[in-house]
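Asker: Quick check, what structure comes out for this input:
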Amino acid sequence: MLYLGIETSCDETACALVEDGRKLISGRLISQTEVHKAFGGVVPEVAARRHLEVFNGLLNEMFEEACLKLSLPLRGDNENGLLAQIGAVACTNGPGLIGTLLVGLAGAKTLAWALEKPLLAVDHIQAHVCANYIDSDLEPPFVALVVSGGHTQIMHFSSYKEFAVLGQTLDDASGEAYDKVARLLGLGYPGGPAIDKLAATGNPRAYNFPEGRVEGLNFSFSGLKTAVMRTMENHSGVLNTADVAASFQDAVNRVLFKKTVNCARELGLNRIVLAGGVAANSDLRRRFSELSEAGTYRVYRPPLSLCTDNAAMVASAAFFSGVPAPLSIGAYSRGA
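Answerer: You can find the predicted model right below:
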């Protein structure tokens with residue numbers, strides 16, 4: 001059974017067809033990174049308008065790749081291949097930017113009505129975790145570290161449908177901290193890939209940047225950003241920006257790694273899952289790869305193409321735990 005996923009929670013327009021939650025049949029994505037670079041971050045109104053401009057064409061490209069024809073009228077046309085093969089239409093309805101979410105949600109509602117298929121609402125954070133189900137044997141229970149520009153959370157998935165947030169950032173998300181420090185270093189937007197690349201040539205022990213003093217499984221990165229800023233302000237002579245980037249990255253990944261492993265150990269679980277845009281960071285992936293190679297834990301990481309926002313993760317999440325929704329459902333900007 002094919003599930004059609006749609007994702008427009010921020011600045012990526014994406015749609016995908018996934019079979020039984022595991023196999024990506026067809027997927028299309030358009031990133032707006034170049035559009036927002038001039039502003040140093042995502043502008044919600046600009047992002048929403050861009051989604052509107054590309055949505056229909058992207059959908060048609062995906063159907064063509066899957067050798068499925070999208071032709072009107074669809075409603076009541078039982079001989080149309082789409083009706084026979086698509087089991088449900090899924091869409092992210094939050095958390096995210098309200099204006100951008102509504103574009104995808106409107107498209108999903110229209111398709112669900114026209115195809116006479118169920119509409120499934122998907123939580124964006126849960127969907128990031130479900131990217132790890134694509135082409136893998138991952139099954140709950142497991143501990144998930146979700147790290148992105150807007151979220152940093154440690155989650156416990158006890159089943160496909162049941163999960164709990166055990167810890168989260170109290171201020172900046174890890175990806176947000178990357179963007180802010182990149183701006184301080186003059187690296188531009190987005191900051192994560194730029195710092196990752198620069199840090200590869202620096203010394204991660206050059207500066208002893210502090211970890212956020214937060215008990216339990218929660219995080220804090222605002223103080224780390226300030227420590228980098230103070231170091232740059234008080235530095236005399238030529239500043240080695242590669243060393244700053246490497247030391248900052250080390251401080252972020254050190255605490256992410258430590259708290260995630262501690263959580264898995266306390267719960268007695270041997271599966272750890274990485275998810276979100278920051279899961280593409282080479283140093284973070286290396287740390288968890290070494291952990292997996294040691295044989296103590298099984299670590300799952302999505303391919304780089306599925307770390308950032310995408311629709312395959314939405315379709316997979318819908319298959320395993322999607323919630324049937326009325327066509328009147330709205331969008332929400334923040335999680336509970």
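
Asker: got a list of what residue 25 touches?
Answerer: 2, 16, 17, 18, 19, 66 (C-beta atoms under 8 Å, 6 or more residues apart in numbering). C-beta here means a position set from N, CA and C on the backbone, and glycine is covered the same way.

Asker: what about it, distance to residue 68?
Answerer: Distance, residue 25 to residue 68, by C-beta to C-beta, to the nearest Å: 9 Å.

Asker: residue boundaries of the strands in this structure?
Answerer: In the chain, strands defined by DSSP state E lie at 2-7, 12-19, 23-31, 86-94, 119-123, 142-147, 152-157, 163-168, 271-275, 298-300, 323-324, listed in chain order.

Asker: Most tightly packed of those?
Answerer: Stretch with highest mean neighbour count among the strands of the chain: strand 2-7 (a mean of 29; mean count of other C-beta atoms under 10 Å).

Asker: residues making contact with it?
Answerer: For strand 2-7, the surrounding residues in contact (C-beta under 8 Å, 6+ apart) are 13-19, 21, 25, 85-92, 104, 107-108, 111, 120, 122, 127, 309-319, 322.

Asker: Domain map for the protein?
Answerer: The chain breaks down into these domains under automatic domain parsing: 2-130+307-324, 138-301.

Asker: The contacts of residue 25 into JSON lines, with extra columns for pLDDT and distance to residue 38?
Answerer: Shown next, in JSON lines, are those (pLDDT from 0 to 100; distance: C-beta to C-beta, whole Å):
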{"residue": "2", "pLDDT": "93", "distance to residue 38": "38"}
{"residue": "16", "pLDDT": "97", "distance to residue 38": "29"}
{"residue": "17", "pLDDT": "96", "distance to residue 38": "34"}
{"residue": "18", "pLDDT": "97", "distance to residue 38": "34"}
{"residue": "19", "pLDDT": "96", "distance to residue 38": "39"}
{"residue": "66", "pLDDT": "85", "distance to residue 38": "35"}
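
Asker: Tell me the one of these nearest residue 51?
Answerer: The closest of those to residue 51 turns out to be residue 16 (C-beta to C-beta; 15.5 Å).

Asker: residue contacts, the closest one?
Answerer: 4-5, 24-28, 62, 310-312, 314-315.

Asker: Wait, residue 27 touches residue 17, no?
Answerer: Yes - contact status for residue 27 versus residue 17: in contact at 7.3 Å, counting by C-beta atoms under 8 Å.

Asker: quick one: common contacting residues for those two?
Answerer: Jointly contacting residue 27 and residue 17 under the rule C-beta under 8 Å, 6+ apart are residue 62.

Asker: What count of nearby residues applies to the residue nearest to residue 319 when sequence neighbours are not counted?
Answerer: Once flanking residues are discounted, residue 319 sits nearest to residue 21: 3.3 Å by C-beta to C-beta, 6 or more residues apart in numbering. Residue 21 has 20 neighbours, counted by other C-beta atoms under 10 Å.

Asker: go on, residue 295?
Answerer: So residue 295, with other C-beta under 10 Å, has 8 neighbours.

Asker: and it, how far is that from residue 270?
Answerer: In terms of C-beta to C-beta, residue 295 sits 10 Å off from residue 270.

Asker: what's the first-to-last distance across stretch 303-315?
Answerer: End-to-end span of stretch 303-315 (C-alpha to C-alpha, to the nearest Å): 16 Å.

Asker: With stretch 203-219 instead?
Answerer: For stretch 203-219, the first-to-last residue distance is 24 Å (C-alpha to C-alpha).

Asker: Identify the residues contacting that stretch?
Answerer: 152, 154, 166-170, 174, 220-224, 227-228, 231, 240, 242-244, 246-251, 254-256, 259, 262-263.

Asker: Could you list the buried residues of it?
Answerer: For stretch 203-219, burial by neighbour count (16 or more other C-beta atoms under 10 Å) applies to 204, 206, 207, 209, 211, 212, 214, 217, 218, 219.

Asker: My guess is residue 47 contacts residue 11. True?
Answerer: Yes - if you go by C-beta under 8 Å, residue 47 and residue 11 touch, sitting 4.9 Å apart.
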